[in-house]
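> generate a structure from the sequence data that follows.
(2 chains)
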Amino acid sequence: MGEIFVVVEHRQERLREITLQMLGKADELCRRLSHDLTAILIGGQDVPPLSELVEMADRVIVIKDERLRNFDSDLYKEILIRLINEREPYLVMMGHTPWGMDLAPSLAIKSGFPLASDCVDIIAEENNLKVVRQIYNGKLFSKVSFRPSKGYLITARTGAFASDEAGEHHGEVIIMEASTDLPDSRVEFMEFIDSGSGEVDITQSELLVSIGRGIGEKENIEKIKELANLMRGEVSCSRPIVDKHWLPKYHQVGTSGKSVKPKIYFALGISGAFQHVAGVGGAGVVIAVNRDRKAPIFRVADYGVVDDLFNIVAALKEKLC
Amino acid sequence: MNIVVCVKRVPQLQDVDLEIDKSKRDIRKDNLVYFINEWDNYAIEEAVRLKEKLGGTVTAITVGDEDDEEVLRRCLAIGADKAVRIDPGSLVPDAYVTSRILSEIIKGLEYDLILTGVQADDVNNSMVGIMLAELLGIAHSAVVTGIEPSGDEAIIRIELEDGIDEVAKISLPALLTIQTGINEPRYVSIMGIRKASKKELNIKKLEELNLSQDDLMQRTIIEEVYFPPDTEGAEMIEGDPAMIAERIIEIIKEKGVNL
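Below is the predicted model:
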């Protein structure tokens, strides 16, 4: 019997949702493989409350030190590698988040564990581990296996696993002080900045007319604003529009932008990258218009239209005028 | 400031119907149009802007075959001084092997910064950059949207979730994975690419590098690729634009939204 580690992600003393999602999936894997589920929480003196973690894991190892208050790839890696050497887990899981994207690949090199990133499913059959990933912009899935190793590393996509599948554990809490011989960190945290606020609050809109790369040119945004006005909604967008500085960041829907919950989400020329779709989960009805009938947005939309978005925009304007 | 940028050539995926090849482990690639990976385009642009401000050199590197030199030429046209292509021959490297190959070339170069894209649009790993940093033993940070170097450190901006950014100080040399939107990449003309063809482009073969069999062994293996199941998906609205518009308005009203 071995262990599965879930590395707990937190920010400003609050647990991140991805952790609960991973604990749910890890619990299922532990039951199938007869492993113990160990949550690893690395943080400062004021760590997030442990109550949720205790219910979802067989044990919670807490490593506290003020140097560890904010995520620090160098120091977190050092602590994890010591825990890995000591406890020899079968699998180490963390989120495919900016945090995990910085930590997991370096931990893979340091531990020698093979790493599969951004996984949307994990399949365990008699200690034969496989994962499912999305490739080519979400147009295809791939099933990936690992070269045999003592242990494995997986990062999980946000939203791939439901967080309510956790078992009823009463995990023991093991609190440890970080050893004094931690190396100096090479990346020093300075501050958090909120870059997402502005004139419009798209999280409060009942109807969003949302645009993506398919809009083609900046000048076309005016046509969409007119339509949004006629529909008494707001304009929102996917990442490429903000990257091009065509709309300010506070219009952006997705993991690095806003999570929205309109009754109607009208997606025009948005391909549906998962980072975008993750922000639309709370929408009532998603209607997508895209020229590309294989665009991943059609897999999450309730209604789909395969057409040039400007044809539909023009027809809607005519009916609403 | 000497900067190394790792770039990759990837297929353009918008409005394209992909086909699975005979091996069932990848897509058919002979019918696709290729371009520089979007994230890497921002990375090379950022490197050249830093060079224009602070002096130094920019070296662009890719692991790939002769066709992939196209992206290196593009980097040279943007303002890179040198380019290196490492030819993997018949080897199909995974993220680990790619980072191992890159580390072997880069450890012999003088650099203050290494930039890569956050991820590549094809296999979507987000692994090569940070693995490379760890192999080289240098500081690293992922998903970077701003770089201000000063002396032997740099102030960087890291994009987190929910519109929150982190500001941090990183010691150089460092590797940063670059997020889209960090700058506005310049337009590159065919003429510009042609002009840059006189710049230095070196080709290295794997055999010239000090790599063992184990270094070149994949850590992860793609067993199969497949299309998402048909059962998922939207109810499609068919008809001419006027009919479609009518139906859309109906749906919106059904949801209790006043138009």
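> please make it C-alpha for all contacts and neighbour counts, starting now.
Will do.
> helices of the stretch 1-150 of chain B, residue ranges please.
Remark: helices assigned in the stretch 1-150 of chain B by DSSP state H, counting those that start in this stretch are B:38-54, B:69-78, B:95-106, B:128-136.
> can you redo the ones you listed as a markdown table with distance to residue A:219, mean pLDDT and mean neighbour count?
Shown next, in a markdown table, are the helices of the stretch 1-150 of chain B (distance: least, C-alpha to C-alpha, whole Å; pLDDT from 0 to 100; neighbours: other C-alpha atoms under 10 Å in any protein chain shown):
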| stretch | distance to residue A:219 | mean pLDDT | mean neighbour count |
| --- | --- | --- | --- |
| helix B:38-54 | 23 | 98 | 22 |
| helix B:69-78 | 27 | 97 | 24 |
| helix B:95-106 | 40 | 98 | 21 |
| helix B:128-136 | 36 | 98 | 25 |
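> for chain A, find the nearest of those.
When the helices of the stretch 1-150 of chain B are compared by C-alpha to the nearest C-alpha, helix B:128-136 sits nearest chain A, at 5.1 Å.
> by how many degrees do the closest one and helix B:95-106 diverge?
Helix B:128-136 runs at 60 degrees relative to helix B:95-106, counting by axes from the mean of the first three to the mean of the last three C-alpha atoms, to 10 degrees.
> can I get helix B:128-136 in CSV, CA atoms only?
What follows is the C-alpha trace of helix B:128-136 in CSV, where atoms were taken according to Å, rounded to 0.1, in the frame of the first residue of the first chain:
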residue,chain,number,x,y,z
VAL,B,128,9.6,22.2,-21.8
GLY,B,129,10.5,25.7,-20.5
ILE,B,130,10.5,24.9,-16.8
MET,B,131,12.1,21.5,-17.3
LEU,B,132,14.9,23.3,-19.2
ALA,B,133,15.3,25.8,-16.4
GLU,B,134,15.6,22.9,-13.8
LEU,B,135,18.1,21.1,-16.0
LEU,B,136,20.2,24.2,-16.3
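> quickly check: stretch B:221-229 near chain A or not.
Yes: Stretch B:221-229 is in contact with chain A by C-alpha under 8 Å from any C-alpha of the partner chain, via B:221-228.
> ditto for stretch B:103-123
Yes: counting by C-alpha under 8 Å from any C-alpha, chain A has neighbours in stretch B:103-123: B:121-123.
> roughly how far apart are residue A:119 and residue A:239?
Distance, residue A:119 to residue A:239, using C-alpha to C-alpha, to the nearest Å: 22 Å.
> ok, residue A:146 next?
33 Å.
> for the stretch 51-200 of chain A, what spans make up the strands?
In the stretch 51-200 of chain A, the strands defined using DSSP state E, counting those that start in this stretch lie at A:59-64, A:91-95, A:115-125, A:128-135, A:140-146, A:152-156, A:172-177, A:187-194.
> same list, these, but as JSON lines with mean neighbour count, distance to residue A:275 and mean pLDDT please.
Shown next, in JSON lines, are those (neighbours: other C-alpha atoms under 10 Å in any protein chain shown; distance: least, C-alpha to C-alpha, whole Å; pLDDT from 0 to 100):
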{"stretch": "strand A:59-64", "mean neighbour count": "21", "distance to residue A:275": "30", "mean pLDDT": "96"}
{"stretch": "strand A:91-95", "mean neighbour count": "26", "distance to residue A:275": "14", "mean pLDDT": "98"}
{"stretch": "strand A:115-125", "mean neighbour count": "20", "distance to residue A:275": "11", "mean pLDDT": "95"}
{"stretch": "strand A:128-135", "mean neighbour count": "20", "distance to residue A:275": "12", "mean pLDDT": "95"}
{"stretch": "strand A:140-146", "mean neighbour count": "21", "distance to residue A:275": "16", "mean pLDDT": "96"}
{"stretch": "strand A:152-156", "mean neighbour count": "24", "distance to residue A:275": "13", "mean pLDDT": "98"}
{"stretch": "strand A:172-177", "mean neighbour count": "13", "distance to residue A:275": "34", "mean pLDDT": "94"}
{"stretch": "strand A:187-194", "mean neighbour count": "16", "distance to residue A:275": "19", "mean pLDDT": "96"}
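> could you redo these as a markdown table and give each row distance to chain B?
Shown next, in a markdown table, are the strands of the stretch 51-200 of chain A (distance: least, C-alpha to the nearest C-alpha, whole Å):
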| stretch | distance to chain B |
| --- | --- |
| strand A:59-64 | 21 |
| strand A:91-95 | 12 |
| strand A:115-125 | 6 |
| strand A:128-135 | 5 |
| strand A:140-146 | 4 |
| strand A:152-156 | 10 |
| strand A:172-177 | 25 |
| strand A:187-194 | 4 |
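> neighbour-wise, which one of the residues of stretch B:221-229 next to chain A leads?
Within those, residue B:225 tops the neighbour count with 22 neighbours, counted by other C-alpha atoms under 10 Å in any protein chain shown.
> so who does that one touch?
Each residue near residue B:225 by C-alpha atoms under 8 Å, 6 or more residues apart in numbering or on different chains is listed here: A:140-143, B:20, B:24-26.
> and the lengthiest helix in chain A with strand A:128-135, angle?
If you go by DSSP state H, chain A has its longest helix at helix A:17-33. Calculated by the same axes, to 10 degrees, helix A:17-33 forms an angle of 150 degrees with strand A:128-135.
> quick one on the thing from earlier: could you identify which of the residues of stretch B:103-123 next to chain A has the most neighbours?
Within these, residue B:121 tops the neighbour count with 24 neighbours, counted by other C-alpha under 10 Å.
> which residues of the stretch 151-259 of chain B score low on pLDDT?
By pLDDT under 70, the low-scoring segments of the stretch 151-259 of chain B are B:230-232.
> how about the helices of it, start to end?
In the stretch 151-259 of chain B, the helices defined using DSSP H, counting those that start in this stretch lie at B:190-195, B:241-254.
> could you identify which of those is most buried?
Highest mean neighbour count of the helices of the stretch 151-259 of chain B: helix B:241-254, a mean of 16 (counted as mean count of other C-alpha atoms under 10 Å in any protein chain shown).
> helices or strands up against that helix?
Judged by 3 or more C-alpha pairs under 8 Å, 6 or more residues apart in numbering or on different chains; DSSP states H and E, helix B:241-254 is in contact with helix A:309-320.
> residue contacts, residue B:156?
Neighbour list for residue B:156: B:144-148, B:167-170 [criterion: C-alpha under 8 Å, 6+ apart].
> now a ChimeraX select for only the buried ones of these.
In ChimeraX, a selection of the buried entries from the contacts of residue B:156 looks like this (16 or more other C-alpha atoms under 10 Å in any protein chain shown):
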select /B:144,145,146,147,167,168,169,170
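> can you tell me which of the contacts of residue B:156 are in strands?
B:144-148, B:167-170 (DSSP state E).
> which of those are close to chain A?
Taking C-alpha under 8 Å from any C-alpha as the test, chain A is in contact with B:167-170 out of those.
> from those, which two are the most distant?
Largest separation among those by C-alpha to C-alpha: B:167 and B:170, giving 9.9 Å.
> overlap in contacts of the two?
Both residue B:167 and residue B:170 are contacted by B:155-156, under the criterion C-alpha under 8 Å, 6+ apart.
> list the contacts of the nearest residue to residue A:259 once chain neighbours are set aside.
Nearest in space to residue A:259, with sequence neighbours left out and distances taken as C-alpha to C-alpha, 6 or more residues apart in numbering or on different chains, is residue A:279 at 4.0 Å. Contacts for residue A:279 (C-alpha under 8 Å, 6+ apart) come out as A:253-255, A:257-260.
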